[in-house]
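[1] Sequence and predicted structure below; questions after.
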Amino acid sequence: MISAAGRLHVTTKMSKNDDLTGVAPPIGSRVLCLPASAYRDELAGEMLAQLLRNQGFEAENLPARLKDEELIDRTVEIQPECICVSVLPPTSIAQARHLSSAIHERLGSVTILVGAWSARFDAEKLRERLRATHVSDVAVSLADAVQRVCKMSAAITDAMLPAPTPPNEEERLAELNGLNLLDTPTEADFDRVTERLTKLFKVPIALLTLIDKDRQWFKSQTGLPTDLAEARCTSRDVSLCGHVIANDEVLIVRDLARDPRFANNPFVKERGLRFYAGVPLRGPNGFPIGTLTILDTKPREITRQEQDLLKMIAGDVMEQIKRRRVAETPNTHPSEKT
């Protein structure tokens, strides 16, 4: 706990309310503790790291002498499953917010917990404030932090986490169907785009996908295994691109095997996919209809410049789609046949 004077006091003995039965982490789960700014934040982080080691985590605490850029570079090198940012007053929450946002920009999807070690902080209000910076959760005590990290680690289970259905699904599908693209033949113009992406980004797979009601359909692909290339679709339930549609934003996952949403996806476990970067394709009314995606079979990074390039190409593709609206009557979806 934190005293009014700002001193950190911790006991390594958990109370009965802090029981971690059923949420113990897999041995080897990596957690990285980062100081938001000062040496006091580092000390709090070291105490948390020690408690996490006692629970079976591989926990490391980085020193406060490192600059933000160095902290982020080390985080990228270590590739933790979870990051804990420590804030001990008078360090400002704004510094934790800045660091969390910068980490998300480099690593994409990663679990970030902010430890706000003071009674002055309201955890619920902080969660609301920090949500925009991709902070996953907030803890206000060391015991609380250990519990939350254990539960987040245990989220990687045998169950896959499919993408939720967006609230504007009906309008989104109407926009998609209005473009008359589903179930159309492959086209050289789009195939050139996906082939170009594999060369530009040095990846084995690139996709132009459309997310239908129950399926992910490939308008163009380069590098897919033969069975998927011939089928030209997968179930939406296992679609990685469905998460782009659900959130209507760019999705970067440096290592799919370490993301609780994707670690047990069949395309990760059985097909060996490890890296994902997808940009939403938005129709004339702004609804996301599909994605422009690059994939790799090994973890990798993507720079800000590369992300901007992928977005630019996605914009060009969407303009091409809008210009080539098919004049003929849209194909009837199989589910609509009587």
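    Sure, I can see it. Quick caveat, the model's predicted, so the values are computed rather than measured. Numbering: from 1, shown residues only.
[2] how far away is the closest residue to Pro166 other than its chain neighbours from Leu240?
    Nearest residue to Pro166, sequence neighbours excluded (Cβ to Cβ, 6 or more residues apart in numbering): Ala246, at 5.3 Å. C-betas here are computed from N, CA, C, even on glycine. Separation of Ala246 from Leu240 (Cβ to Cβ, to the nearest Å) stands at 11 Å.
[3] joint contacts of these two?
    Residues touching both Ala246 and Leu240 by Cβ atoms under 8 Å, 6 or more residues apart in numbering: none at all.
[4] quick one: which of the two has more around it?
    Leu240 (26 against 19; other Cβ atoms under 10 Å).
[5] Buried residues in stretch 195-202, which are they?
    Neighbour counts over stretch 195-202 (16 or more other Cβ atoms under 10 Å) mark Leu197, Thr198, Phe201 as buried.
[6] Wait, the last one touches Ile294, no?
    Yes: at 5.1 Å, Phe201 counts as touching Ile294 under the criterion of Cβ atoms under 8 Å.
[7] Isn't Tyr39 up against Leu66?
    No: if you go by Cβ under 8 Å, Tyr39 and Leu66 don't touch, sitting 11.7 Å apart.
[8] hmm, back to that, which of the buried residues of stretch 195-202 fall in helices?
    Leu197, Thr198, Phe201 (DSSP state H).
[9] Could you report the pLDDT at Glu336?
    pLDDT for Glu336: 44.
[10] Can you check which helix is longest in the protein?
    Per DSSP H, the chain has its longest helix at helix 304-323.
[11] What are the contacting residues of that helix?
    By Cβ under 8 Å, 6+ apart, helix 304-323 touches 105, 179, 181, 189-190, 193, 196-197, 200-201, 208, 250, 252, 277, 279-284, 291-292, 294, 302.
[12] Go again with 6 Å.
    Val193, Val279, Leu281, Leu292 (Cβ atoms under 6 Å, 6 or more residues apart in numbering).
[13] Could you tell me the end-to-end distance of stretch 227-239?
    Counting by Cα to Cα, to the nearest Å, you get 16 Å between the two ends of stretch 227-239.
[14] Equivalent analysis for stretch 296-303, please.
    Start-to-end, stretch 296-303 (Cα to Cα) is 15 Å.
[15] what about that stretch, average pLDDT?
    In the prediction, stretch 296-303 has an average pLDDT of 92.
[16] Could you do stretch 102-111 as well?
    80.
[17] And the pLDDT for Gly178?
    91.
[18] which residues of this structure score low on pLDDT?
    1-28, 109, 153-160, 326-338 (pLDDT under 70).
[19] Please point out which parts of the longest helix of the chain sit buried.
    Buried residues in helix 304-323 (16+ other Cβ under 10 Å): Gln307, Leu310, Ile313, Ala314, Val317, Met318, Ile321.
[20] same question, stretch 281-290
    Leu281, Arg282, Gly283, Phe287, Pro288, Ile289, Gly290.
[21] Which residues does that stretch contact?
    Glu171, Arg172, Glu175, Leu176, Thr209, Leu210, Ile211, Ile245, Asp248, Pro280, Ala314, Met318.
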